[in-house]
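Trainee: here is a sequence with its predicted model. Questions after.
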Amino acid sequence: MQKFIRNKGKIEEIKPFKSKNGKVFARLRGMKDVLPDEYRYWSLISKKINELTKTYGYKRIDTPILENAELYERSTGKTSDIIAKEMFSFIDKNDDKIALRPEGTPGIVRSYVEHGMFNLPQPVKLFWLGQVFRHDKPQAGRFRQFTQIDLECIGEKGPVIDAQLILIAYNFFKELQIDIMIQINSIGCSECRKAYINKLENYYKERGNRTKLCNDCKRRLGKNSLRLLDCKEDQCIAISADAPQIIDYLCEECKNHFVKVLEYLDEVEVPYNLNSHLVRGLDYYSKTVFEIWPIDADDSNVEVSRQLALGGGGRYDGLVEYLGGRPAPACGFGIGVERVILKIKEKNIPLKDDDQADIFVAQLGDQARRKAMILFEELRRAGLQVRQDFSKDSLKNQLEVANKLGTKYSLILGQKEIVDGTILIRDMESGIQEVVDFKKIRQEITKRLNNEIK
RNA sequence: GUGGCUAUAGUACAACGGUUAGUACAUCGGGUUGUGGUCCCGAUGAACUGGGUUCGAUUCCCAGUAGCCACCCCA
């Protein structure tokens, strides 16, 4: 790959370009092509999410891929991993610091503020689907460019919104036959969180330093103390097991809010796991936070369990104001589409073929081809699911295509039929063919297709 | 970002320090002239890149690159 250096504002090449094998330019690390075969999964997912967002009243919004890098630094948080370690950012020709969006929420909130959406009936419910970028080390289900579905509800503080968003996510996975567990916690508002962190730090200072904390945690303590709860090192788990739990330190309002969220979830029978160690890495969260974890198929499956989160979200009551808008509470979540597809593939859930074709138009000879093209257009306009491959000359090849497409009937038009004013209709399953008057072919086809439905 | 494993046709895999690097699926062509799904025959098609060891490297060693796994973190 070419390497460049910036020299007095000019970009200079320091390493000449060399293609990988002289034939092709290889994909960049962590990037992925979505090929037609896989696109079936994408269609399934967009169909499902479109249904859900429609019924729950979420309207589609798109925002630019490029934003001012500061937007993310100030909202997601300069010290968060996503920003500090993983954000794709660069200086553009105007010497502005630009970022490829590492997540959806800040851009959506920016848009809400910029377009004065507080003048719309509140809350504003938004649905977003787009590519996001993180410069992470790639792994299965972890890409540098990946796709997120985001639902954001801005302008409502009631806990029913939190619960309903979780319900939507739950429905989404359930209807795709993916087994998940909601991990949920509350990290309180800025007030009660501060008090809790104090308590936590004291606990760790007393208990943690004497016993051994892992190196990461020693560093975290005092800087990002909430993260101590999250550590997977055995010695740290042992200590964090008895650590004070934040829900015991929530203020009255935060506590009531959280209890309400859980009650609503119970009401609609969404299973969840109260995970007092769940802490989310983004600065703007308050009160409710949750993640969506897959449940591994079963023990008979030897597969190594990849506990990659399929989604996550929470409440962010302060962000709108922080980004310069009129104060508005908000809540939202994101889902990683590639990971969902991975799960669907893993489970071998059969996909319905939504490309079911009924009729194939085959032709032999140039004269027949012209007439067949006209017939094809006619059938298409009549709303029939009709297919063709006029680029092929031999009947053999055309029937082969018809077979692969799974059409029920093939119409065969050759020189002989043109002379007689007829056309052949071939039942692809039985192989039985009939000669039909060319003028009556449309009636004949519709008759046969209608009979089949019975 | 740290550590480990891997790298062969489009895909999944195999063998080998030495002449034509195999198999399956896929693709294309054929099994008489106008008939698909099964079967048979044939063809196309590959050693990630760079360096080293060696008479000789796809094979052994090193580096780069990429993928995977664990960690970090997350979607």
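Mentor: Good, I have the coordinates.
Trainee: grab the nearest non-local neighbour of A:Phe376.
Mentor: A:Val361 (4.8 Å; C-beta to C-beta, 6 or more residues apart in numbering). Bear in mind the C-beta positions are built from the backbone N, C-alpha and C, glycine included.
Trainee: same question, A:Tyr58
Mentor: A:Phe127 (3.9 Å).
Trainee: list the contacts of that neighbour.
Mentor: Taking C-beta atoms under 8 Å, 6 or more residues apart in numbering, we find A:Phe127 in contact with A:Ile49, A:Thr53, A:Tyr58, A:Lys59, A:Arg60, A:Ile61, A:Ile149, A:Asp150, A:Leu151.
Trainee: can you select the buried ones from those in ChimeraX?
Mentor: The following ChimeraX line selects those of those that are buried, judged by 16 or more other C-beta atoms under 10 Å:
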select /A:49,53,58,61,149,150,151
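Trainee: restricted to strands, list the contacts of A:Phe127.
Mentor: Using DSSP state E, the members of the contacts of A:Phe127 that fall in strands are A:Lys59, A:Arg60, A:Ile149, A:Asp150, A:Leu151.
Trainee: now do the domain split for chain A, please.
Mentor: A:25-189+A:251-346, A:359-453 (automatic domain parsing).
Trainee: out of these, which gets nearest to RNA strand B?
Mentor: Of all those, domain A:25-189+A:251-346 sits nearest to RNA strand B, with 1.6 Å by C-beta to the nearest atom of the strand.
Trainee: that closest one: how far from the chain's middle?
Mentor: 9 Å (C-alpha atoms, centre = their mean, to the nearest Å).
Trainee: ends of it, how far apart?
Mentor: 30 Å (C-alpha to C-alpha, to the nearest Å).
Trainee: correct me if wrong: A:Arg339 contacts A:Leu310.
Mentor: Yes: counting by C-beta atoms under 8 Å, A:Arg339 does reach A:Leu310; the two are 5.2 Å apart.
Trainee: next, work out how far apart the residue nearest to A:Tyr58 and A:Ile49 are.
Mentor: A:Phe127 sits 7 Å away from A:Ile49, going by C-beta to C-beta, to the nearest Å.
Trainee: between these two, what contacts are shared?
Mentor: With C-beta under 8 Å, 6+ apart as the test, A:Phe127 and A:Ile49 both reach A:Ile149.
Trainee: residues in contact with the nearest residue to A:Ser186 once chain neighbours are set aside?
Mentor: Among residues not flanking A:Ser186 along the chain, A:Phe258 sits closest, at 4.1 Å (C-beta to C-beta, 6+ apart). By C-beta under 8 Å, 6+ apart, A:Phe258 lies in contact with A:Pro159, A:Ser186, A:Ile247, A:Leu250, A:Lys287, A:Thr288.
Trainee: so which bits of the helix or strand hosting A:Phe258 are buried?
Mentor: Taking DSSP states H and E as the criterion, A:Phe258 maps to helix A:252-267. Buried residues in helix A:252-267, counted by 16+ other C-beta under 10 Å: A:Cys254, A:Lys255, A:His257, A:Phe258, A:Lys260, A:Val261, A:Leu262, A:Tyr264, A:Leu265.
Trainee: quick one: average confidence on it?
Mentor: Throughout helix A:252-267, pLDDT has a mean value of 96.
Trainee: got the contact list for the residue nearest the centre of chain A?
Mentor: In chain A, the residue lying closest to the centroid (C-alpha atoms, centre = their mean) is A:Val337, at 2.8 Å. Listed by C-beta under 8 Å, 6+ apart, the contact partners of A:Val337 are A:Trp42, A:Ile45, A:Leu129, A:Phe146, A:Thr147, A:Gln148, A:Ile149.
Trainee: what do you get if the cut-off is 10 Å, keeping everything else the same?
Mentor: Contact partners of A:Val337, counting by C-beta atoms under 10 Å, 6 or more residues apart in numbering, are A:34, A:41-42, A:45-46, A:49, A:129-131, A:146-149, A:310-311.
Trainee: what's the answer for A:Gln177, then?
Mentor: A:Lys343, A:Ile344, A:Lys347, A:Ile349, A:Pro350.
Trainee: one more time with 6 Å
Mentor: A:Ile349 (C-beta atoms under 6 Å, 6 or more residues apart in numbering).
Trainee: in CSV, list the contacts of A:Phe258 along with neighbour count, distance to RNA strand B and secondary structure.
Mentor: Below are those laid out as CSV (neighbours: other C-beta atoms under 10 Å; distance: C-beta to the nearest atom of the strand, whole Å; DSSP: H, G, I helix; E, B strand; the rest coil):
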residue, neighbour count, distance to RNA strand B, secondary structure
A:Pro159, 22, 21, helix
A:Ser186, 29, 16, strand
A:Ile247, 17, 19, helix
A:Leu250, 24, 21, coil
A:Lys287, 27, 16, strand
A:Thr288, 28, 14, strand
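Trainee: for chain A, which spans come out with low pLDDT?
Mentor: A:1-24, A:208-212, A:214-216, A:219, A:223, A:231-234, A:297-307, A:353-354, A:452-454 (pLDDT under 70).
Trainee: could you rerun that using 50?
Mentor: A:17-23, A:298-306 (pLDDT under 50).
Trainee: in the longest helix anywhere in it, which residues are buried?
Mentor: As assigned by DSSP state H, the longest helix anywhere in chain A is helix A:36-56. For helix A:36-56, the neighbour count (16+ other C-beta under 10 Å) marks A:Arg40, A:Tyr41, A:Leu44, A:Ile45, A:Lys48, A:Ile49, A:Leu52, A:Thr53, A:Tyr56 as buried.
Trainee: got a list of contacts for it?
Mentor: By C-beta under 6 Å, 6+ apart, helix A:36-56 touches A:Phe127, A:Ile149, A:Ile168, A:Phe172, A:Val337, A:Ile341, A:Ile344, A:Leu351.
Trainee: switch to 7 Å and redo it
Mentor: With C-beta atoms under 7 Å, 6 or more residues apart in numbering as the test, helix A:36-56 has contacts from A:34, A:127, A:149, A:151, A:164, A:168, A:171-172, A:175-176, A:337, A:340-341, A:344, A:351, A:354.
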